[in-house]
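> build me a model:
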Amino acid sequence: MLRERLNQVEERIHNAVERSGRQRSDVTLIAVTKKFPAAVTIEAFDLGLRHFGENYVQEFEGKHAAVASLAGLSFT
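Here you go, the predicted model:
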């Protein structure tokens with residue numbers, strides 16, 4: 001199901017950059033992982049996402065151990 005949602009978002013991004021005359025590389029997709037377990041972050045990483053956002057440091061701290069080994073992972 002996550003793959004389907006990501007494909008839908010990518011299609012919307014593709015359409016938006018085409019309309020604006022920009023390129024896909026001009027857009028950074030940030031997946032918001034608040035309220036989701038670390039396993040979902042890992043699944044999204046495996047699907048190619050690299051940028052993730054959390055609202056609370058405490059929530060990220062709970063996930064850090066599970067995602068620390070993912071090379072190229074960026075949290076904001």
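> contacts for the helix or strand containing Val9 next, please.
Following DSSP states H and E, one finds Val9 within helix 2-20. Residues outside helix 2-20 that contact it (Cβ atoms under 8 Å, 6 or more residues apart in numbering): Gln23, Arg24, Asp26, Val27, Leu29, Val40, Glu43, Ala44, Leu47, Gly48, Leu49. C-beta here means a position set from N, CA and C on the backbone, and glycine is covered the same way.
> between those, which has the most around it?
Of all the contacts of helix 2-20, the highest neighbour tally under other Cβ atoms under 10 Å goes to Ala44, namely 21 neighbours.
> does that residue really touch Leu29, like I thought?
No - counting by Cβ atoms under 8 Å, Ala44 stays clear of Leu29, with 10.0 Å between them.
> quick check, pLDDT for the nearest residue to Val27 once chain neighbours are set aside.
Nearest residue to Val27 in three dimensions, chain neighbours excluded: Ile13, at 5.5 Å (Cβ to Cβ, 6 or more residues apart in numbering). The model reports Ile13 with a pLDDT of 98.
> how near is the residue of the chain most remote from its centre to Val9?
Centroid-distance maximum for the chain: Gly21 at 23.7 Å, with Cα atoms, centre = their mean. Separation of Gly21 from Val9 (Cβ to Cβ, to the nearest Å) stands at 20 Å.
> ok so, going back, mark which of the contacts of helix 2-20 are part of strands, please.
Of the positions in the contacts of helix 2-20, not one sits in strands, assigned by DSSP state E.
> which pair in those residues has the greatest spatial separation?
Gln23 and Val40 (28.6 Å; Cβ to Cβ).
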